[in-house]
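Trainee: Quick one, structure for this:
(one chain, ligands or ions: 1)
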Amino acid sequence: MIYDEPLFRPPSEARSLIIQATLGCSHNECLFCGMYKMKKFRPRPFEDFKADALECAQKLPGATKIFLADGDALVLSTRRLIEILNLLYSNFPNLERVTSYANPSNLLNKTDSELRELRAAGLDILYFGVESGNDYLLKKISKGATRGEILEAGKKALNAGFPLSVTVLLGLGGVKMSREHAIDTASLCSEMNPTYLSALTLMLGPFEGYFKKAMGEGFEFLDKVQTLRELRMLVENLETDDCVFRTNHASNYLPLKGVLKHDRDRLTEMIDTALKNPEVYLRPEFLRAL
Ligand code: SF4
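Mentor: Below is the predicted model of the structure:
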């Protein structure tokens, strides 16, 4: 099997077998995301997917987890996805879960019963980029969905029985909108109440200049201490049930993990300790993304 690179997967799929069901991202317009900019989106022909899956089943018959790449395999028709799930579960005897990225329009374009059908066929965790709960910022970054649409899409997945793993992006609002971004993101995520919630930190590399220009006059990037203060505001304002909160992505300055309902005080104390001595506790710039 030869991958059409580049290839991306969520950190928690590091030990999963990855098979490409689609190439690129059907949206591909988010301002901060360069993951698939060099790829033209297309679904892979089923026969190509099947050839890869059968080859993997011979070489790795014990695989327990499969991640369907690329950027939003959930864009495929329900019929095609069921075909894919049936193929995988019948050829990998130990398979426990099949997961994929999903974007708001993928979820909104499926009916409730289609989503339940997919869940029953063995589609498991959906990785869902929320980025921000602030409508102005969502528009600025060309997320392709409003806060209301993102909330509806997330709820729809949860109501259909999917474990939902949400990511939000610290730093999107820059210095001026840090507070609004944190508060609105916390309120959206509280209302959605996902299964997992991860905060990542904006990292743009060579695209910093382009992003800054597109965000408009006066946009200033957060430094690491400002990013940590934004993280604190987010943590302080989240009201979720059993949601597992994490900042273990390589883009972050301070790795945290906890169930907010039980661990909020411990997490805010860790942030406060780091804020008092950032040079000791925060990941240095050169180690981010490694
Ligand atoms: S939907 Fe996801 S993969 Fe596609 S451009 Fe936006 S962030 Fe990138």
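
Trainee: residues contacting the closest residue in space to residue 65 that isn't next to it in sequence?
Mentor: Among residues not flanking residue 65 along the chain, residue 16 sits closest, at 4.0 Å (C-beta to C-beta, 6 or more residues apart in numbering). C-betas here are computed from N, CA, C, even on glycine. By C-beta atoms under 8 Å, 6 or more residues apart in numbering, the contact list for residue 16 reads 9, 63, 65, 66, 67, 99.

Trainee: and the residue lying closest to residue 283 once chain neighbours are set aside, backbone torsions?
Mentor: Nearest non-adjacent residue to residue 283, counting by C-beta to C-beta, 6+ apart: residue 253, 5.0 Å away. The phi/psi pair for residue 253 (degrees, to the nearest 10) reads phi -90, psi -30.

Trainee: Based on its surroundings, how many neighbours for residue 253?
Mentor: Neighbour count of residue 253, defined by other C-beta atoms under 10 Å: 22.

Trainee: Looks like it contacts residue 229 (just checking).
Mentor: No: look at residue 253 against residue 229 with C-beta atoms under 8 Å: they stay out of range, at 11.4 Å.

Trainee: wait, is residue 136 part of a helix?
Mentor: Yes: the assignment for residue 136 is a helix, going by DSSP: H, G, I helix; E, B strand; the rest coil.

Trainee: just to revisit the earlier point, within reach of the ligand, which of the contacts of residue 16 are there?
Mentor: Residues of the contacts of residue 16 in contact with the ligand (C-beta under 6 Å from any ligand atom): none.

Trainee: Now intersect the residues you listed with the strands, please.
Mentor: Among these, the members found in strands (DSSP state E) are 65, 66, 67, 99.

Trainee: Hmm, residue 15 and the second one touching each other?
Mentor: Which is residue 66. No: look at residue 66 against residue 15 with C-beta under 8 Å: they stay out of range, at 11.0 Å.

Trainee: higher neighbour count, the two?
Mentor: residue 66 (28 against 9).

Trainee: what does the model give that one for pLDDT?
Mentor: Predicted confidence (pLDDT) for residue 66: 98.

Trainee: likewise residue 290?
Mentor: 58.

Trainee: same check, this time on residue 87
Mentor: So, for residue 87, pLDDT stands at 98.

Trainee: Need the contact partners of the helix or strand hosting it.
Mentor: Element membership for residue 87 (DSSP states H and E) is helix 78-91. Contacts with helix 78-91, where a contact means C-beta under 8 Å, 6+ apart, come from 21, 43, 46, 49-50, 53-54, 57, 66, 68, 73-74, 76, 95, 98, 110, 114, 117-118, 121-123.

Trainee: need the residues of the stretch 1-150 of the chain near the ligand, please.
Mentor: So the stretch 1-150 of the chain meets the ligand at 25, 27, 28, 29, 30, 33, 35, 36, 71, 103, 129 (C-beta under 6 Å from any ligand atom).

Trainee: Run through the residues that contact the residue lying closest to residue 234 once chain neighbours are set aside.
Mentor: Excluding the flanking residues, the one nearest residue 234 by C-beta to C-beta, 6+ apart is residue 182, at 4.7 Å. For residue 182, the contact set (C-beta under 8 Å, 6+ apart) comprises 230, 231, 233, 234, 237.

Trainee: host element of the first one?
Mentor: Think residue 230. Here residue 230, judged by DSSP H and E, is contained in helix 224-237.
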